[in-house]
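Q: Below: sequence and its predicted model.
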Amino acid sequence: GQARPPVDAGAEVLDLTLGAAIERALEVNLELQSTRLNVLLQDYGVRQAEAAFNPTLSTNLSYNNATQQTTSQLDGGATITNKRATVNTTINQPLPWAGGRLSTNFNNTRLETDNVFATRNPSYTSVVNLSYTQPLLAGLRLDNQRAQVQTARIQSEITDLQVQSRTFNLTAQVQSLYWGLKTAIEQIEIQRRNFEQARQLLGENRVREQVGRATRFQVIQSEAALAAVEQAQLNAEVQWRNQELALKRLLLRGADDPLLKQTINPVDTPQLLPEEVDLDAAIERALGERTDLRQQREQQRISRIDVDLARANSLPSLNLTAGYSLQGVGGDLFQRDNLGGAPMLISAGGWRDGLQSIADFDSPTWNVALNASVPIGANPAAAARERAQVQLRQQDLTLRAQELGVVTQVTSAGLAVRNSYLQY
C-alpha cells in the first residue's frame, strides 16, 4: 500500500527507506555506540594485563653520615665517622614464557671515613648482579599473570561478538519496527475507509427509515457500527504513534534530535519472494555463527584456563635460582708504615677503578639454589582446582542446552516459513 501517515499541523514529513533507517541506526544509535566503547575498554584491559611483563626500573639514592664511639684500639680511633653515599639501580623482567624472572642489580657505594686503618679513602665499591629464577612445578606451564593475559584476550573477542550481536539485533529491530510502522499506517487507512463506509451506510439507513424501508433498529445498529469503527480508527492511530516512537528511539542521536518532531513516512513496500528453506543448512549455519553460542564457547575457553591455572597452583612450589655477580673496588690506595701510622698515597684512584675491575672479571661470584615449598594438610589450591573443573562441566552443559535451543528455534522458524508460503 501507498498510504501516508496522518500529519499534525506544521509537522515535517520524512520519507524514509528501510536501508536508510538501518544505516542511520547503525551510525547514531546510543546503545550501539556505548557497546562499541566496550571494545576500546577491553583493549585497554589487554594492555593492562600484558603490562605485567614489562621490565621495571627502580633506583635508590641514599646518604648516611654516622659517627660511632669505639671500644678497642683496633677499631681505628676513639670515634669513627663514616660518610656513605649509595646509588642502586635494579631492573626486574618477568618473562612471558615458562614463568621465569630475570633481575639485574647495579649497586654503587662511596665511603669516606676517618678510620686510621682504612687502605682506600674514599673507597668506591660497585657490584653487578644477574639473577634468574625458574619455577619447575607450580608456575611452569601457567601462572596468574599469563592466565590474566589469556583471559583478557578472550574477553576482547567476547566484546567483539557482543558488538556483532548488538548490530544484528539492532538491524532486526529496525526492520521489524519499520514494517510494523508501515502496517500501522495502512491500518489507519483501512479504518478510515471503514469509517466512511459505516457513515455512508448510517446515512442510507436514516433515509430508508424516513421512507419506511428500514426500521429504527437497523438505524441503531448502523450507529453502533459507526461508533465501533471510529473506536477502531482511534486505536489504529494510537498504535501508529507508539510504533513510530519505538522506531524513532532507535534512530535518535539524543533528546534534541530534530527527527523526534518529524513524522516518518516509510516509503518501501515489502516484497514476498518465495525461497526454499534448507533446514539442515540453516541449523548448521546457526550452530556455527550464532553470536550467543560463540560467546558461550569463548567462556568455555576461559573456564579451561581457570582449570589449568588451578591445577598449576595446586602443584608444590619448586624454584631454581641461579646468580652471577661481579664486584670492583676503587679509590685512592694508602699504605701505613706502622699500625695506625701516617698514610702514604700509593696510587690515586676513583670510581672507574671499580668499573674496570668488573670489566676485567676480577672478582666473580656465582650461586645456584633450589627452593621447595609443600603445604601440609588441606591444600586450598586443590579445592580451587576441583571447583574450576565443576564450573567447566557446568559451562559445557549450558552450551549444549543453548545449542539444543538454537536447533529447535531454527526448525520452528523454518517450518513457519514453509507453512506461510503454502498458505499464500
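A: Arrived safely. Residues are numbered from 1 along each chain as shown.
Q: For the residue nearest to Pro316 when sequence neighbours are not counted, what are phi and psi?
A: Using CB to CB, 6 or more residues apart in numbering and skipping residues adjacent in sequence, the residue nearest Pro316 is Val374, 4.5 Å away. Where you see a C-beta, it was placed from the backbone N, CA and C, and this is true even at glycine. Note on Val374: its backbone torsions stand at phi -130, psi 120 [degrees, to the nearest 10].
Q: Would you map the helices across this structure?
A: 18-28, 30-50, 144-210, 216-251, 279-289, 291-313, 351-359, 380-423 (DSSP state H).
Q: Dump those helices to JSON lines, plus mean neighbour count and distance to Thr321.
A: Listed next are the helices of the chain as JSON lines, based on neighbours: other CB atoms under 10 Å; distance: least, CB to CB, whole Å:
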{"stretch": "helix 18-28", "mean neighbour count": "16", "distance to Thr321": "56"}
{"stretch": "helix 30-50", "mean neighbour count": "14", "distance to Thr321": "25"}
{"stretch": "helix 144-210", "mean neighbour count": "17", "distance to Thr321": "19"}
{"stretch": "helix 216-251", "mean neighbour count": "16", "distance to Thr321": "61"}
{"stretch": "helix 279-289", "mean neighbour count": "13", "distance to Thr321": "49"}
{"stretch": "helix 291-313", "mean neighbour count": "18", "distance to Thr321": "19"}
{"stretch": "helix 351-359", "mean neighbour count": "17", "distance to Thr321": "22"}
{"stretch": "helix 380-423", "mean neighbour count": "13", "distance to Thr321": "22"}
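Q: Minimum distance to Arg110: which of those has it?
A: Among those, the nearest to Arg110 by CB to CB is helix 351-359 (7.5 Å).
Q: helices or strands next to that closest one in the packing?
A: Counting contacts by 3 or more CB pairs under 8 Å, 6 or more residues apart in numbering; DSSP states H and E, helix 351-359 packs against strand 101-113, strand 120-135, strand 317-336.
Q: among those, which is nearest Leu399?
A: Nearest of the helices and strands packed on helix 351-359 (CB to CB): strand 120-135, 33.3 Å.
Q: who does that closest one pair up with?
A: strand 101-113 (antiparallel), strand 317-336 (antiparallel) (DSSP bridges).
Q: worst average pLDDT in those?
A: Among these, strand 317-336 has the lowest mean pLDDT, at a mean of 90.
Q: Could you tell me how far that one lies from the centre of the chain?
A: The chain centre lies 46 Å from the centre of strand 317-336; the measure is CA atoms, centre = their mean, to the nearest Å.
Q: That one: which residues count as buried?
A: Buried positions in strand 317-336, judged by neighbour count with 16 or more other CB atoms under 10 Å: 318-319, 323, 325-333.
Q: nearest spatial neighbour of Val267, skipping sequence neighbours?
A: Nearest non-adjacent residue to Val267, counting by CB to CB, 6+ apart: Asp15, 4.9 Å away.
Q: Quick check: bridge partners of the one you found?
A: Assigned bridge partners for Asp15, using DSSP bridges, are Asn265.
Q: No more questions from me, cheers.
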